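A.B. asks: next input, structure requested:
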Amino acid sequence: MARGTEDEVWRINFASRETWKRAVFMLFFLAVISMTEFVIYSLVILQFITVLISGKPNERLTEFGRELSVFVYNIFSFLTYNSEQRPFPFNAWPGDLPRRPAKRKRPRTKAAK
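C.D. replies: Below is the predicted model:
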């Protein structure tokens, strides 16, 4: 590719409104990730306290944690150019996730002597 053509492509990309629009969204989602980090830490602590008190995780907190994980994944996919789809609030909240299958209890085996 000739030098003049490279310069021309660079100028076109640099002047592209879509590139700068995406940059604004990227800055917005970087700030959202910072706020989400606090929510995740709070969720972890709250879920741990719930397990200490009741002996089992809170189902609503577990579901919210799964949705939040998908939300964060969607943000990172957008930030790293793996997706062109803007995450929530520009698209739906990832709330319709398939439920995790119930854990099967394994039969206890006696330890060999």
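A.B. asks: where are the low-confidence patches of this protein?
C.D. replies: Within the chain, the ranges that satisfy pLDDT under 70 run 1-4, 96-113.
A.B. asks: if we go by neighbour counts, what in the helix or strand that contains residue 66 is buried?
C.D. replies: Here residue 66 sits within helix 59-79, counting by DSSP states H and E. Neighbour-count burial for helix 59-79 flags 65, 66, 67, 68, 70, 71, 72, 74, 75, 78, 79 (criterion: 16 or more other CB atoms under 10 Å). (Glycine included, C-beta is placed from N, CA and C.)
A.B. asks: could you do stretch 79-87 as well?
C.D. replies: Within stretch 79-87, judged by 16+ other CB under 10 Å, the buried ones are 79, 86, 87.
A.B. asks: now that stretch - C-alpha only, CSV.
C.D. replies: What follows is stretch 79-87, C-alpha atoms only, in CSV (Å, rounded to 0.1, in the frame of the first residue of the first chain):
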residue,chain,number,x,y,z
LEU,A,79,-15.0,-2.4,24.9
THR,A,80,-12.7,-4.9,23.2
TYR,A,81,-14.5,-4.7,19.9
ASN,A,82,-15.8,-8.2,20.2
SER,A,83,-19.3,-6.9,19.9
GLU,A,84,-20.9,-3.9,18.2
GLN,A,85,-24.0,-4.2,20.5
ARG,A,86,-24.1,-1.6,23.2
PRO,A,87,-24.9,-3.1,26.6
